[in-house]
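**Q** build me a model:
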Amino acid sequence: MALQIIRNNIINVEADAIVNTANPAVGVGRGVDSSIYEAAGWDRLLEAREKIGEMSPGEAAWTPAFDLHAKYIIHTVGPAWRGGGFGERETVARCYSNSLELAAELGCETIAFPLIATGTYGFPKDEALRIAMAEISKFLLANEMEVLLVVYDKESFEVSGKLFSDIKSFIGDSEATYDAFYRSHRPVRASGRRRFLDRLLNRDRAEKQEKEEYILMEEAPSIDADYDLLKDEDASEYGSYRMEAPEEMLEFSEEYEAPHRMSSPSYAPSYSPAFPSEEASLDERLKHLDKTFQQYLFMLIDRRGLTDPEVYKKANIDRKHFSKIRSNADYTPSKKTALALAIALELSLDETRDLLSRAGLALSPSMVSDRIIEYCIETSNYDIYEINCILFKYDQPTLGA
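**A** Below is the predicted model of the structure:
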């Protein structure tokens, strides 16, 4: 199955197994341990815990869950943080791996974890999260199980400050640049306009090689007799005219060419060959449909020489869902599923946009989640678990499961 990050109190979560950060000696501790005993029933759980006896750091054992919404409580002993020089990281890793192996032995299909040892034991939250993700993802590569990482509040969920600083800067810079561009709607000279669109048309020809593609700004400038429209022989395959913009607009060309493309801009006449009638035009277009999302997805998978399990595990999608994609030629994904598959295939930003477009989807410059995903793709971060941590931190929907 897959990994989900949820914000809740772990005693309210329904799962086959609930993980408890336990005391090494028999007794009720503070934090998660105390909450679980209270919800499960003090007397019966303490009696079951006494049968296990003293436990070593990193060890895992189970008891019935009694009044919890679960079958089992898996007790594991985390380390007290003493600066990191006493094997604390390795101990936390064993807590996760041993708990997961025990859940598999018990036949569990779902297991819920807290962030182990980050409460009264003082383990740094960002390191605990990194270790949890590493151990859970390693387990899921070889096993089928739904793993829930349960976070009680937003303050208890931290990731590298440097990473979030970079993302905030990326989002903030993009928004500021867009705002500056949209405020620039003054009439422009014909000579500058020609250089501006010539540059974009040449780039389109090299990268896309698509016909009838046009460049459209947010609002077409109002120009009277000074348009000086010139038909460029090299651009004739696009069936468009070229205009020029002032020098100050050139700096925006790279960032804003994509968001302002449309199939038929109102101010640029088309020179595509006309069909004899409207009906003929529609029939002709329908004869030349491109690959569907499903067809294109599995073409990409074959080209990369990947197996289905490799893809759906890297995409954080469960096997049943992926089988549905494989068997249904008309499958239309949700956006989070399509993006998860793009991350699993390590697609570039252009390839990701292409894949999304085949499902009628797009990346939006005004959505925080899409800007985060763009940042991760541009920086070659294709770890879907880390991406989901970032999305969760920003209160955005996670990818995959």
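**Q** helix or strand right after whatever helix or strand Leu129 lives in?
**A** Per DSSP states H and E, Leu129 falls inside helix 125-142. Following helix 125-142 in sequence order, the next helix or strand is strand 146-151 (DSSP H and E).
**Q** got any ranges where the stretch 101-250 of the chain has weak pLDDT?
**A** 153-250 (pLDDT under 70).
**Q** rewinding a little: tell me what the helix holding Leu129 is packed against?
**A** Helices and strands touching helix 125-142, by 3 or more Cβ pairs under 8 Å, 6 or more residues apart in numbering; DSSP states H and E, are strand 3-7, helix 88-105, strand 146-151, helix 384-393. For glycine as for every other residue, the C-beta is placed from the backbone atoms N, C-alpha and C.
**Q** and the contacts of the host helix or strand of Leu46?
**A** Assigned by DSSP H and E, Leu46 falls within helix 42-52. Contacts to helix 42-52, defined as Cβ atoms under 8 Å, 6 or more residues apart in numbering, come from residues Ala22, Val26, Val28, Ile36, Tyr37, Ala61, Thr63, Pro64, Phe66, Ile73, His75.
**Q** check which residues of it are buried.
**A** Of all the residues in helix 42-52, those buried under the rule 16 or more other Cβ atoms under 10 Å are Leu45, Ala48, Arg49.
**Q** repeat that for stretch 119-129.
**A** Gly119, Tyr121, Phe123, Lys125, Glu127, Ala128, Leu129.
**Q** could you do stretch 22-38 as well?
**A** For stretch 22-38, a neighbour-count test (16+ other Cβ under 10 Å) marks Ala22, Asn23, Gly29, Gly31, Val32, Asp33, Ser35, Ile36, Tyr37 as buried.
**Q** nearest to Gly400, of those residues?
**A** Val32 (26.1 Å; Cβ to Cβ).
**Q** was I right about the closest one contacting Thr21?
**A** Yes: using Cβ atoms under 8 Å, Val32 is in contact with Thr21, at 5.3 Å.
**Q** before we move on, the earlier item: make a markdown table out of the buried residues of stretch 119-129 and add distance to Thr379.
**A** Listed next are the buried residues of stretch 119-129 as a markdown table, based on distance: Cβ to Cβ, whole Å:
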| residue | distance to Thr379 |
| --- | --- |
| Gly119 | 32 |
| Tyr121 | 33 |
| Phe123 | 28 |
| Lys125 | 23 |
| Glu127 | 21 |
| Ala128 | 24 |
| Leu129 | 19 |
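**Q** tell me, what's touching Val32 and Thr21 both at once?
**A** With Cβ under 8 Å, 6+ apart, Val32 and Thr21 have common neighbours Pro114, Gly119.
**Q** one step back: among the buried residues of stretch 22-38, which are in helices?
**A** Those of the buried residues of stretch 22-38 mapping onto helices are Val32, Asp33, Ser35, Ile36, Tyr37, per DSSP state H.
**Q** and the gap between the second one and Gly27?
**A** I take that to be Asp33. According to Cβ to Cβ, to the nearest Å, Asp33 stands 9 Å off from Gly27.
**Q** for the ones in helices among the buried residues of stretch 22-38, which one is nearest Asn381?
**A** Once Cβ to Cβ is applied, the member of those that ends up nearest Asn381 is Val32, at 30.7 Å.
**Q** do you know how far that closest one is from Leu341?
**A** Val32 sits 35 Å away from Leu341, going by Cβ to Cβ.
**Q** what does His69 give?
**A** As judged by Cβ to Cβ, His69 and Leu341 stand 32 Å apart.
**Q** quick one, which of the two is more surrounded?
**A** Per other Cβ atoms under 10 Å, whichever of His69 and Leu341 has more neighbours is Leu341, with 28 against 13.
**Q** torsion angles phi and psi at the more buried one?
**A** Note on Leu341: its backbone torsions stand at phi -70, psi -40 [degrees, to the nearest 10].
**Q** so what's it closest to, chain neighbours aside?
**A** Setting aside the residues directly before and after it, Leu341 is nearest to Ala315 in space (Cβ to Cβ, 6 or more residues apart in numbering), at 5.1 Å.
**Q** and the one you found, how far is that from Leu3?
**A** Taking Cβ to Cβ, one finds Ala315 at 11 Å from Leu3.
**Q** which neighbours do those two share?
**A** Common neighbours of Ala315 and Leu3 (Cβ under 8 Å, 6+ apart) are Gly400.
**Q** neighbours of Ser327, how many?
**A** Neighbours of Ser327 under the rule other Cβ under 10 Å: 9.
**Q** next one: phi and psi at the closest residue to Phe66 other than its chain neighbours?
**A** Sequence neighbours aside, Ala40 is the residue nearest to Phe66 in space, at 4.3 Å (criterion: Cβ to Cβ, 6+ apart). Reported as degrees, to the nearest 10, the phi and psi values for Ala40 are phi -80, psi -30.
**Q** measure Ala40 to Ser34 for me?
**A** 11 Å.
**Q** same deal with Ile384?
**A** Taking Cβ to Cβ as the measure, Ile384 and Ser34 are separated by 34 Å.
**Q** same question for Gly85.
**A** Going from Gly85 to Ser34 by Cβ to Cβ gives 29 Å.
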